[in-house]
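Chemist: Need a 3D model of the sequence below.
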Amino acid sequence: MSITLLEGIVIGGVGGTIAGLTIWLVQLLKEKVTERRDKKRVYNWLYEKTKQYGRLGVGTPFDDPHWISTIDIAVYTNLTPNRVRYICSVHKEIRPKRKKDL
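Modeler: Below is the predicted model of the structure:
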């Protein structure tokens, strides 16, 4: 049984497509797992750091007037400042400082 040129091209194309999709899915999964881990790391550190002010309950957002800089979070969580900014912007329970908070 011999494979014609056209069959070889189709087999190669399908194999390449499957390999490309597999690599893409693995990268997407790795990115989501890393993001979830970093969100947990930042949130837990912020929770422990701001818990001392006594205004936090379980499941409440950070409504504490004592704000922590991105640099401080980055240093203590061993993440880059850009990563911390991103994580804080996408985490639903971490809110930025607003004008009324000044």
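
Chemist: Now Arg83. Nearest residue, chain neighbours left out?
Modeler: Excluding its sequence neighbours, the residue lying closest to Arg83 (C-beta to C-beta, 6 or more residues apart in numbering) is Asp38, at 6.5 Å. Every C-beta, even on glycine, is put in place using the N, C-alpha and C of the backbone.

Chemist: Mind checking what helix or strand follows the longest helix along the chain in sequence?
Modeler: Identified as the longest helix of the chain according to DSSP state H is helix 5-51. Using DSSP states H and E, the helix or strand that directly follows helix 5-51 along the chain is helix 70-77.

Chemist: Geometric centre of the chain: which residue is closest?
Modeler: Glu35 (2.2 Å; C-alpha atoms, centre = their mean).

Chemist: for that one, what are its contacts?
Modeler: Ile87, Val90 (C-beta atoms under 8 Å, 6 or more residues apart in numbering).

Chemist: Can you give me the distance of Lys30 to Ile73?
Modeler: Computed as C-beta to C-beta, to the nearest Å, the Lys30 to Ile73 distance reads 23 Å.

Chemist: More neighbours: those two, which one.
Modeler: Per other C-beta atoms under 10 Å, whichever of Lys30 and Ile73 has more neighbours is Ile73, with 22 against 10.

Chemist: In space, what's closest to the more buried one - neighbours in sequence excluded?
Modeler: For Ile73, the spatially nearest residue (C-beta to C-beta, 6+ apart) is Val84, at 4.8 Å.

Chemist: The one you found touches Asp72, doesn't it?
Modeler: No. Look at Val84 against Asp72 with C-beta atoms under 8 Å: they stay out of range, at 9.2 Å.

Chemist: The two - which one has more neighbours?
Modeler: Set side by side, Val84 and Asp72 show more neighbours around Val84, with 23 against 15, by other C-beta under 10 Å.

Chemist: any idea how far Lys51 is from that one?
Modeler: To Lys51, Val84 is 19 Å away according to C-beta to C-beta.
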